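Sequence first, then the predicted structure, then my questions.
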Amino acid sequence: MTIETERLLLREYTFEDFSALYEILSDPETMAHYPKPYDEEGVRRWIQWNLENYAKYGFGLWAVVLKETGKMIGDCGLTIQNIDGDSLPEIGYHIHKNYWRNGFGSEAARAVRDWAFENTEYDCLYSYMKYTNVGSYSTAIAAGMRKIKEYPDKIDKITYVYAITRDEWKELKR
Ligand SMILES: CC(C)(COP(=O)(O)OP(=O)(O)OC[C@H]1O[C@@H](n2cnc3c(N)ncnc32)[C@H](O)[C@@H]1OP(=O)(O)O)[C@@H](O)C(=O)NCCC(=O)NCCS
């Protein structure tokens, strides 16, 4: 499974991505809105969880690769998340901080959104994040989502939920 955009390739993870992914997920600045950065074991589990997601659902978080250099600069994809008690399809993204603010996060998120509406039956896609994560909710907005709710959460204190419906997406694509 690969998705191609103007500048990016999204493809399935393999354990060969470990070092590049460790650089991203172990970085305290990148993981500032998570409880803590990931250790080696956490990064291995992240890849394993996605290999299981591909097998179980046909999707997961995919490695984001810069076409120009072949470098893996992050991930973006669809996973099933518990959002305020409901299991919902969520678009998630993590980009290496050296590449932030170049439009890569939103380019990947839009491609995943299109893939999901074209290849699954879901009528609504979500992104959720800690209320302080401006980069994350700005990326959700750039993917055509709007804020639909916020709720108190033990870890995040407050979680924001963004979403786009299939009808809103069709309207965007007209
Ligand atoms: C969220 C993330 C993937 C965005 O990646 P990116 O490649 O920098 O995103 P883009 O360049 O496409 O930016 C998308 C929008 O967010 C805005 N944005 C990105 N980072 C921002 C920040 N730190 N503060 C304010 N706005 C920000 C951009 O200006 C852009 O807005 P625009 O469409 O109005 O111009 C990146 O910041 C990241 O990896 N963060 C750490 C991991 C994380 O928290 N992931 C989300 C978990 S819920």
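That came through, no problem.

Which of the residues in whichever helix in the chain runs longest are classified as buried?
Taking DSSP state H as the criterion, the chain has its longest helix at helix 40-57. If you call a residue buried by 16 or more other Cβ atoms under 10 Å, then helix 40-57 has these buried ones: 43, 46-47, 50, 53-54. Heads up, the C-betas are built off the backbone N, CA and C, glycines and all.

Out of the residues you listed, the closest to residue 81 would be?
residue 53 (11.2 Å; Cβ to Cβ).

Partner strands of the biggest strand by length in the chain, with direction?
Ranked by residue count and defined by DSSP state E, the top strand of the chain is strand 72-83. Using DSSP bridges, the strands paired with strand 72-83 are strand 61-66 (antiparallel), strand 86-95 (antiparallel).

Contacts for the host helix or strand of residue 135, please.
Following DSSP states H and E, one finds residue 135 within helix 134-142. Helix 134-142 is contacted from outside by 33, 91, 93, 100, 105-106, 109-110, 127, 129-130, 147, 160, 162, using Cβ atoms under 8 Å, 6 or more residues apart in numbering.

average pLDDT across that helix?
The average pLDDT for helix 134-142 rounds to 98.

again, but for stretch 87-98
98.

Any of the contacts of helix 134-142 buried? List them.
Among the contacts of helix 134-142, those classed as buried by neighbour count (16+ other Cβ under 10 Å) are 91, 93, 105-106, 109-110, 127, 129-130, 160, 162.

sorry, back to before: report whether the helix holding residue 135 contacts the ligand.
Yes. Counting by Cβ under 6 Å from any ligand atom, the ligand has neighbours in helix 134-142: 134-136, 138-139, 142.

Which helix or which strand is home to the closest residue to the ligand within the chain?
Using Cβ to the nearest ligand atom, the closest approach of the chain to the ligand is made by residue 105 at 2.5 Å. Per DSSP H and E, residue 105 falls inside helix 104-119.

what's the following helix or strand after that helix?
strand 124-130.

Residues contacting that next one, please?
Residues contacting strand 124-130 (Cβ under 8 Å, 6+ apart): 33, 78, 81, 83, 88-92, 109, 113, 116-117, 136-137, 139-140, 143, 145, 155-166.

Next, see if that strand gets close to the ligand.
Yes. Against the ligand, strand 124-130 shows contacts by Cβ under 6 Å from any ligand atom at residue 129.
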